[in-house]
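**Q** Generate coordinates for the sequence data below:
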Amino acid sequence: MNLVSIRIITAHIESLVEFYEHITGIKAVQYTPDFAELRTATATLAIGSTRTLQFFGGEDIAQPEANRSAIIEFLVDDVEKEFERLKNRLSSCLIQEPTTMPWGNKSLLFRDPDGNLVNFFTPVTKEATEKFSPEKK
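**A** Numbering: from 1, shown residues only. From the prediction side, this is the model:
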C-alpha cells in the first residue's frame with residue numbers, strides 16, 4: 001500500500017491553489033474549476049472546492065478551514081533558504097522560524113490561507129539525513 005495523496009477541501013480554491021504554487025514552485029494541474037493537484041516526486045497535494053463534497057455524500061463530509069490536527073509536510077533542500085525566499089509572504093501566518101527539532105529536522109512552520117499547518121523541513125542530523133536518503137526510499 002502507498003500513500004499517494006492528501007486532499008484539502010476549501011471554500012477558496014483559487015487562492016489556496018495560488019498559495020501552494022507560490023510556496024512550492026510547482027504549477028498545479030487544474031482539472032476543473034473545483035479540483036487541482038500539485039504533484040511531487042513522492043506524493044500529490046490535491047485541492048478540492050467544497051462543491052466536490054457532493055460526490056462523497058454531501059457537505060457534512062468535510063469542513064473547510066477546520067483542521068487542527070494534521071500538518072502538511074514538504075522535504076526541502078535548504079529550509080533556511082526557503083524561509084528567506086518566503087518570509088515576506090509568510091509574515092502574517094508564520095508559526096515558527098527554522099528551528100532544529102529533537103528528531104533532527106530543521107523545521108519552518110506556518111499556516112496556509114485556510115489555517116492548515118504547513119511544515120517545510122530539512123534533515124540536519126546524521127540520523128535524519130540517513131532516514132531521507134535515496135537508498136532508504
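
**Q** just so I have it, where are all the helices in the protein?
**A** 13-24, 79-90, 126-131 (DSSP state H).

**Q** Need the CA coordinates for the first one. CSV is fine.
**A** By that I understand helix 13-24. C-alpha atoms of helix 13-24 as CSV (Å, rounded to 0.1, in the frame of the first residue of the first chain):
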residue,chain,number,x,y,z
ILE,A,13,-9.8,27.1,-4.2
GLU,A,14,-8.3,29.8,-6.4
SER,A,15,-6.4,31.5,-3.5
LEU,A,16,-5.3,28.2,-2.0
VAL,A,17,-4.0,26.8,-5.3
GLU,A,18,-2.1,30.1,-5.9
PHE,A,19,-0.6,29.9,-2.3
TYR,A,20,0.7,26.4,-2.8
GLU,A,21,2.0,27.1,-6.3
HIS,A,22,3.9,30.1,-4.8
ILE,A,23,5.4,28.3,-1.8
THR,A,24,6.3,25.1,-3.6
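
**Q** Report the buried residues of that helix.
**A** By neighbour count with 16 or more other Cβ atoms under 10 Å, helix 13-24 contains the buried residues 13, 16-17, 19-20, 23-24. For every residue, glycine as well, the C-beta is placed using N, CA and C.

**Q** So which residues make contact with it?
**A** 8, 10, 26-28, 30, 33-34, 36, 38, 40, 45, 47-49, 74, 86, 89-90, 112-114, 118, 120 (Cβ atoms under 8 Å, 6 or more residues apart in numbering).

**Q** which of these are buried?
**A** 8, 10, 28, 34, 36, 38, 45, 47-49, 74, 86, 90, 112, 114, 118, 120.

**Q** Adding mean pLDDT and distance to Met1, write the helices of the chain out as CSV.
**A** Below are the helices of the chain laid out as CSV (pLDDT from 0 to 100; distance: least, Cβ to Cβ, whole Å):
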stretch, mean pLDDT, distance to Met1
helix 13-24, 97, 25
helix 79-90, 96, 29
helix 126-131, 92, 20
